[in-house]
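In: would you be able to build a 3D model of this:
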Amino acid sequence: MARDPRHLDLEGLIRKLRSITLTVQLIPFIYSALYIVSLFIYYFGSDSASQVTDSLLYISPLAIGCFLVLSDMLRLCKWHKAACCVPLIPSAISLFDYYLIELSEIASIVGVCTIAGMILLLLISAYKVFLC
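Out: Residues are numbered from 1 along each chain as shown. Prediction:
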């Protein structure tokens with residue numbers, strides 16, 4: 001029996017949507033984990049390692065905005081949106097340091113606390129998104 005060309009392949013569409021949803025769910029967590037590793041490289045690695053890390057892992061706030069739009073379109077939870085925003089934390093601290101108060105005396109402490117906070121937020125978000 002021939003298939004009607006107007007017939008929708010609903011199973012195929014559902015598989016595709018599930019695949020897209022899983023990809024959108026995973027990308028912020030994978031990227032944020034890589035970004036946290038890059039922060040360790042900035043603090044403890046050589047200058048050349050930092051330059052390579054900058055080239056590979058810089059993320060624009062526009063890209064984070066795209067993550068948030070996709071998260072909203074797929075109706076993902078607030079914890080997923082929090083994971084999308086994790087890479088903005090160091091940028092916010094840099095802007096704070098540059099425009100409001102200079103953190104030169106305590107910059108290393110703030111940097112380590114930032115990394116610890118990012119790890120904690122990412123782990124909580126991963127738990128809430130994938131295990132709850």
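In: element containing the residue at minimal distance from the centre of the chain, please.
Out: Closest residue to the average C-alpha location of the chain: Pro28 at 3.3 Å, with C-alpha atoms, centre = their mean. Pro28 belongs to helix 10-44 when assigned by DSSP states H and E.
In: show me the contact partners of the host helix or strand of Val112.
Out: Using DSSP H and E, Val112 sits within helix 107-126. By C-beta atoms under 8 Å, 6 or more residues apart in numbering, the surrounding residues in contact with helix 107-126 are 29, 32-33, 35-36, 39-40, 43, 79-80, 82-83, 86, 89-90, 93, 97, 103. In this view, the C-beta of every residue, glycine as well, is placed from N, C-alpha and C.
In: now with 10 Å, please.
Out: Identification of contacts with helix 107-126 by C-beta atoms under 10 Å, 6 or more residues apart in numbering yields 26, 28-29, 32-33, 35-37, 39-40, 42-43, 77-90, 92-94, 96-97, 103, 106.
In: picking up where we left off before, list the contacts for the residue nearest to the centre of the chain?
Out: Here Pro28 is in contact with 35, 64, 67-68, 70-71, 76, 80-87, 122, 125-126, 129 (criterion: C-beta under 10 Å, 6+ apart).
In: would you show me how to pick out the buried ones of those in PyMOL?
Out: Entered in PyMOL, the line below selects the buried ones among the contacts of Pro28, by 16 or more other C-beta atoms under 10 Å:
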select buried, resi 35+64+67+68+70+71+76+80+81+82+83+84+85+86+87+122+125+126+129
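In: where does the prediction get shaky in this protein?
Out: For the chain, the stretches flagged by pLDDT under 70 are 1-7.
In: change it to 80
Out: 1-9, 54-59, 94-95, 97-98, 101-108, 132 (pLDDT under 80).
In: tell me which strands and helices the helix or strand hosting Ser50 is in contact with?
Out: Here Ser50 sits within helix 47-57, counting by DSSP H and E. Applying 3 or more C-beta pairs under 10 Å, 6 or more residues apart in numbering; DSSP states H and E, one finds that helix 47-57 makes contact with helix 10-44.
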